[in-house]
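> Structure of the sequence below:
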Amino acid sequence: MAITMAQALNTALHDAMEADDKVVMFGEDVGTLGGVFRITDKLQERFGDKRCFDTPLAESGIVGSAIGMAMYGYKPVVEMQFDGFTYPAFEQIVSHLAKMPNRSRGTVRLPVVVRIPYGGGIGAVEHHSESPEAFFSHVAGLKIVSPGTPSDGYSLLRRSIDSPDPVIFFEPKRRYWLKEDAELPVTTEPFGTAVVRRQGTTATLLAYGPMVRTALDTATAAEEEGWDLEVVDLRTLNPFDAETVVASVRKTGHAVVIHEAQVFAGFGAEVAAQITERAFYDLEAPVLRVGGFDVPYPAAKLEEFFLPDTDRILDAVERSLSF
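Numbers count the residues shown, from 1 in each chain. You can find the predicted model right below:
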């Protein structure tokens with residue numbers, strides 16, 4: 001059965017709410033409308049407006065309310081309507097959501113999931129197409145998740161809701177309509193486990209979220225050049241699976257990290273550092289990064305030049321192999 005990422009996420013929320021009446025879903029337009037991307041479609045109809053409800057346009061208040069509810073035994077799942085809308089809630093996430101378990105010496109756990117539709121590719125403007133994952137990856141106390149397939153969308157969201165600690169769940173909005181043959185419910189690899197989506201020997205492409213599909217398409221295109229590219233899907237940025245990443249790079253000797261966010265100080269820098277520290281003598285070339293340019297997210301007519309594509313990734317592979 002072919003399912004989309006959007007259907008998988010919606011089903012995961014439905015099944016989690018069905019299984020545990022302490023799971024509540026709230027955010028801007030998630031109730032009556034079912035979310036701007038319809039990820040929460042029919043949840044209010046099924047579970048009522050006490051468990052799936054709309055909030056004011058106040059992201060700090062949304063996350064702050066979730067923290068309080070979690071302290072009283074609920075499992076809030078909240079939606080930041082778009083990636084760039086998350087910043088007003090940054091202080092609540094970093095100063096309280098991430099730190100409360102440590103601040104309370106483990107006596108207060110906060111099982112909160114913050115869902116963030118992120119990334120470009122939908123023809124939108126700034127605040128609607130950004131990739132802020134590196135901000136949150138730097139914060140101790142947060143799990144950072146970004147599925148690249150519908151199956152992972154379902155399984156990782158269920159695992160996130162079951163987690164006793166806070167999870168920032170980045171949903172690649174350009175992949176909401178990506179289809180995969182799968183039967184729900186499905187259980188995939190746990191947090192902290194990267195997956196080799198395609199075996200190869202020439203070079204390793206490392207990606208997550210929206211760039212997984214792009215990396216796979218690039219690997220197919222690379223066959224015309226006689227290159228056999230391996231594709232590794234990171235799946236979770238924190239915890240980070242260095243073992244799978246390093247094993248792949250040791251096999252190929254070449255690594256290219258891909259993400260939509262700007263290259264400078266992006267998450268790819270951490271990946272490159274991990275590889276260099278652990279597999280320096282196995283590398284035949286420096287670890288290269290392909291990402292967005294170091295500018296604010298551009299107007300819709302220009303985003304195709306901003307976002308990594310097959311040509312830019314193949315160029316990086318060629319530079320690596322020619323080193």
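
> Skip the chain neighbours and tell me the closest residue to G120.
Among residues not flanking G120 along the chain, S129 sits closest, at 3.9 Å (CB to CB, 6 or more residues apart in numbering). The C-beta positions use only the backbone N, C-alpha and C, and glycine is treated the same way.

> if I pick that neighbour, what's in contact with it?
By CB atoms under 8 Å, 6 or more residues apart in numbering, the residues touching S129 are D83, G84, G119, G120, G121, I122, Y297, E303.

> Just the element for the fourth one, please.
Following DSSP states H and E, there is no helix or strand that holds G120.

> re earlier: any idea whether the residue nearest to G120 is helix, strand or coil?
For S129, the assignment made with DSSP: H, G, I helix; E, B strand; the rest coil gives coil.

> Now do it against E260, distance only.
Using CB to CB, to the nearest Å, one obtains 9 Å as the distance from S129 to E260.

> Please indicate which of the contacts of S129 are buried?
Using 16 or more other CB atoms under 10 Å as the burial test, these include D83, G84, G119, G120, G121, Y297, E303 as buried.

> Break this structure down into its domains, please.
Domains of the chain are assigned by automatic domain parsing as 2-181, 195-321.

> Any chance of these in TSV with distance to E189 and mean pLDDT as columns?
Output for these, formatted as TSV (distance: least, CB to CB, whole Å; pLDDT from 0 to 100):
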stretch	distance to E189	mean pLDDT
domain 2-181	8	97
domain 195-321	6	97
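
> Next, give phi and psi for A89.
When read as degrees, to the nearest 10, the backbone of A89 gives phi -90, psi 0.

> Count the residues that sit near it.
The number of residues packed near A89 is 22, by other CB atoms under 10 Å.

> isn't it right up against T55?
No. Using CB atoms under 8 Å, A89 is not in contact with T55, being 11.5 Å away.

> Show me the common contact partners of these two, please.
Joint contacts of A89 and T55 (CB under 8 Å, 6+ apart) are I62.

> so who does T252 touch?
T252 touches G200, T201, T202, A203, T204, E230, counting by CB under 8 Å, 6+ apart.

> got it, and D54?
Shown in contact with D54 (CB under 8 Å, 6+ apart): F26, G27, E28, D29, V30, G31, T32, L33.

> These in strands, which ones?
F26, G27 (DSSP state E).
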